[in-house]
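# Can you look at this prediction? I've put the sequence above it.
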Amino acid sequence: MKKVISFSIVLLAIITFNNSCTYQMEEADIIVHNARIYSMDANGTIYEAMAIRDGKIIELGPERQILNKYKADKDIDAMKKPVYPGLIDAHCHFLGYALGLSQVSLYGTKSFDEVIDRLKKHQAEKPGDWIVGRGWDQNDWEVKDFPNKSALDEAFPDLPVYITRIDGHAALINQKAIELAGITAATIVKGGDIEKQDGVITGIIIDKAMDLLSNLLPQENENFKRSAILVAQQNLFAFGITSLVDAGLTKSDVELLENMHTEGSLKMKVNAMLTDNEENIAYYFDRGPFRTDRLSVTSFKFFADGALGSRGACLLEPYSDAEGNYHGLLLDEPSYFKEMAKRCFESGFQMNTHCIGDSANRMMLDIYGETLGGVNDRRWRIEHAQVVNPVDIEKFGLFTIIPSVQPTHATSDMYWAVERLGSERIRHAYAFKQLKDQLGWIPLGTDFPVEDIDPRKTFYSAVFRKDSKGMPETGFQMENALNRDEALRGMTIWAALAGFDENDRGSLEQGKSADFVIFDLDLLEAPESALLQVNCMAAYIMGECVYQRQ
């Protein structure tokens, strides 16, 4: 009996000892392994695995280290595929793109006759009280002059038509729309233009003249907007975009996005630039910047000038292809921008200003510099920075001003921009590397729906300075190309930095949100010929799978 008791005690002691020595693995929600994880941290560290809990990255490291330390209900074997931080579009028009999906698409039209045909087809299939479309670009047509309204009047004599040029800075309207808006040959719009030939209105309206119809155009209800936003979100997820900067939103827009985030239907992270309308200025300057886990409201968006394609960009010297001494348009007086700079500075908002022409860029760089005074961390931005006089480049560095650029603008505009600017001035346009060198970093976006939503084209244009057709063969002004690492950083961590979002997203580091994408080919190593065929296989936001390629 004593021997049995003694044996039981020894056996219990051995079991207790063994149990006390058993390693207790830590709990995680997700483990990603067998991967090539590009962290995009300051050192460019590449990991094999990472563990995620509660939507955050808790550790990254070698394969066996993570698998030996953590257990999780969800195991993602990346099969050696590249894993990147979720891509960020640093300048786009998300809500505008969403709502535009229901309008007549005029992108890629090769003539004005094709525009008319698409409008007729749309009206036959989806009749309405207005015909609204977007995307025409006369630079793609054999006849590159602005169209006039005569063909619209003939096709739609009793139905108002409003079709926006691809850049969003000019529109063509027919006679019915002109009458409804009360526009006459005597109408003058400050910061805009109503084009006339021999005193007769052509139907082309530019920049602030477009505001004359803003209250007449059909307004979509909230349910429609919600549905459109969710469709747009899925389109972007399929390309690996998990966060974006929407450049120009109203108070009601921001509230809708915030409500959809709260309800859980909208997963996309949004950094909202506020448009400079009276309601936003009155409300947000008093409230100040704010952010949630998916929504950042830290900036105001202003327009210094228009677009180069519609000759609304404000230039120091006249346009090379326009009659007379025409320099383009400033959309507001310098005094207005100075006042807004003062108010943005005092309230803690970023000031982000659309500047295309070298005159607009110079004016805003000088106003920024006067307000900021020198090196700072206010992260004020020049959106587009397309044509910058060489003597003004250094101002980006002197006053810590961020050049926010869209690489596909260069490869879309290159076919006709030289006509607008001339052979000398074109050399100082789309100077992305020169701009990047001022601060050592540069955020990249698309400006969709002006350009395609596809970030592969952003990457390809930034690195190879070619359009999606692979032209020109030797690249456009290659001295201003970015390298592959710079381009990827411009779409991840640098895009996050430009919006004060770097503590949450833009890189895969411990403590940051688990926003990541898995691609089938490596953007940093794939041959040039394969880059536009790279696919996003899966996208995750805060550890939640929001897209899985079928």
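Done, it's in. Keep in mind that what you see is a predicted model, and the values were worked out from it rather than measured.
# Doesn't residue 196 lie inside a strand?
Yes. Membership of residue 196 in a strand is supported by DSSP: H, G, I helix; E, B strand; the rest coil.
# from what I can see residue 232 touches residue 102, true?
No. Assessed by CB atoms under 8 Å, residue 232 is found out of contact with residue 102, at 11.0 Å. To be clear about C-beta, it is placed using only N, CA and C from the backbone, and glycine gets the same treatment.
# who has more neighbours, those two?
A direct count of neighbours by other CB atoms under 10 Å for residue 232 and residue 102 places residue 232 higher, at 22 against 15.
# how about the nearest residue to the more buried one once chain neighbours are set aside, what does it touch?
Nearest non-adjacent residue to residue 232, counting by CB to CB, 6 or more residues apart in numbering: residue 98, 3.7 Å away. Listed by CB atoms under 8 Å, 6 or more residues apart in numbering, the contact set of residue 98 reads 225, 228-229, 231-232.
# What about the residues you listed, which are in helices?
Among the contacts of residue 98, the members found in helices (DSSP state H) are 225, 228-229, 231-232.
# Among these, which one sits closest to residue 142?
Nearest to residue 142 among the ones in helices among the contacts of residue 98: residue 232, at 33.0 Å, using CB to CB.
# give the contact list for the closest one.
Residues in contact with residue 232 (CB under 8 Å, 6+ apart) are 94, 97-98, 101.
# Only whichever of these are buried, select them in ChimeraX.
Per 16 or more other CB atoms under 10 Å, the buried members of those correspond to this ChimeraX selection:
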select :94,97,98
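# what's the closest of the contacts of residue 232 to residue 456?
residue 97 (17.2 Å).
# separation between the closest one and residue 387?
Going from residue 97 to residue 387 by CB to CB, to the nearest Å gives 25 Å.
# Kindly report the same for residue 226.
39 Å.
# give the contact list for the nearest residue to residue 511 once chain neighbours are set aside.
Nearest non-adjacent residue to residue 511, counting by CB to CB, 6+ apart: residue 56, 6.3 Å away. If you count contacts by CB under 8 Å, 6+ apart, residue 56 has them with 511-514, 542-543.
# I'd like the distance between residue 100 and residue 132.
For residue 100 relative to residue 132 (CB to CB), the value is 9 Å.
# Please apply the same query to residue 482.
37 Å.
# now residue 323
Using CB to CB, residue 323 is found at 31 Å from residue 132.
# unless I'm mixing things up, residue 102 is touching residue 228, no?
Yes. Shown here, residue 102 and residue 228 form a contact pair, counting by CB under 8 Å, at 6.7 Å.
# shared neighbours of those two, which are they?
Common neighbours of residue 102 and residue 228 (criterion: CB under 8 Å, 6+ apart): residue 220.
# how is this structure carved up into domains?
2-80, 87-93+220-548, 103-213 (automatic domain parsing).
# Same list, the contacts of residue 232, but as JSON lines with distance to residue 348 and pLDDT please.
Putting these into JSON lines (distance: CB to CB, whole Å; pLDDT from 0 to 100) gives the following:
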{"residue": "94", "distance to residue 348": "24", "pLDDT": "98"}
{"residue": "97", "distance to residue 348": "29", "pLDDT": "96"}
{"residue": "98", "distance to residue 348": "29", "pLDDT": "97"}
{"residue": "101", "distance to residue 348": "35", "pLDDT": "93"}
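# From the contacts of residue 232, which land in helices?
Reading helices off those with DSSP H, I get 94, 97-98.
# Tabulate those residues in TSV, adding columns for distance to residue 401.
Converted to TSV, the ones in helices among the contacts of residue 232 look like this (distance: CB to CB, whole Å):
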residue	distance to residue 401
94	24
97	27
98	30
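# need the contact list for residue 282.
By CB under 8 Å, 6+ apart, residue 282 lies in contact with nothing.
# Can you classify it as helix, strand or coil?
Reduced to three states with three-state DSSP, the structure at residue 282 is helix.
# So which residues of the stretch 451-550 of the chain form helices?
Counting by DSSP state H, counting those that start in this stretch, the stretch 451-550 of the chain has helices at residues 455-464, 484-490, 493-497.
# Pipe those helices into TSV and attach mean pLDDT, mean neighbour count and distance to residue 236 per row.
Formatted as TSV, the helices of the stretch 451-550 of the chain follow (pLDDT from 0 to 100; neighbours: other CB atoms under 10 Å; distance: least, CB to CB, whole Å):
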stretch	mean pLDDT	mean neighbour count	distance to residue 236
helix 455-464	98	25	9
helix 484-490	98	22	17
helix 493-497	98	26	14
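# Tell me the span between the first and last residue of stretch 311-323.
12 Å (CA to CA, to the nearest Å).
# cool, stretch 235-246 as well?
End-to-end distance of stretch 235-246 (CA to CA): 16 Å.
# Over to stretch 49-65?
End-to-end distance of stretch 49-65 (CA to CA): 8 Å.
# Report the buried residues of that stretch.
Going by neighbour count (16+ other CB under 10 Å), the buried part of stretch 49-65 is 49-53, 55-61.
# so where does residue 410 fall, helix or strand?
Per DSSP states H and E: residue 410 is located in helix 407-413.
# where in the stretch 1-150 of the chain is pLDDT low?
Within the stretch 1-150 of the chain, the ranges that satisfy pLDDT under 70 run 1-23.
# ranges for the helices of it?
All helices of the stretch 1-150 of the chain, identified by DSSP H, counting those that start in this stretch, fall at 2-21, 63-69, 94-100, 112-125, 150-155.
# Helix or strand next in line after the shortest one, which one?
Sequence-wise, the next helix or strand downstream of helix 150-155 (DSSP H and E) is strand 161-165.
# hmm, who's touching that following strand?
Contacts with strand 161-165, where a contact means CB under 8 Å, 6+ apart, come from 104, 106, 115, 119, 130-138, 152, 170-174, 176-177, 210, 213, 217, 307, 309-310.
# And the nearest residue to residue 184 once chain neighbours are set aside, which helix or strand is it part of?
Distances taken as CB to CB, 6+ apart put residue 201 closest to residue 184, at 7.8 Å, once the chain neighbours are dropped. If you go by DSSP H and E, residue 201 is part of strand 200-207.
# Cool, thanks, signing off.
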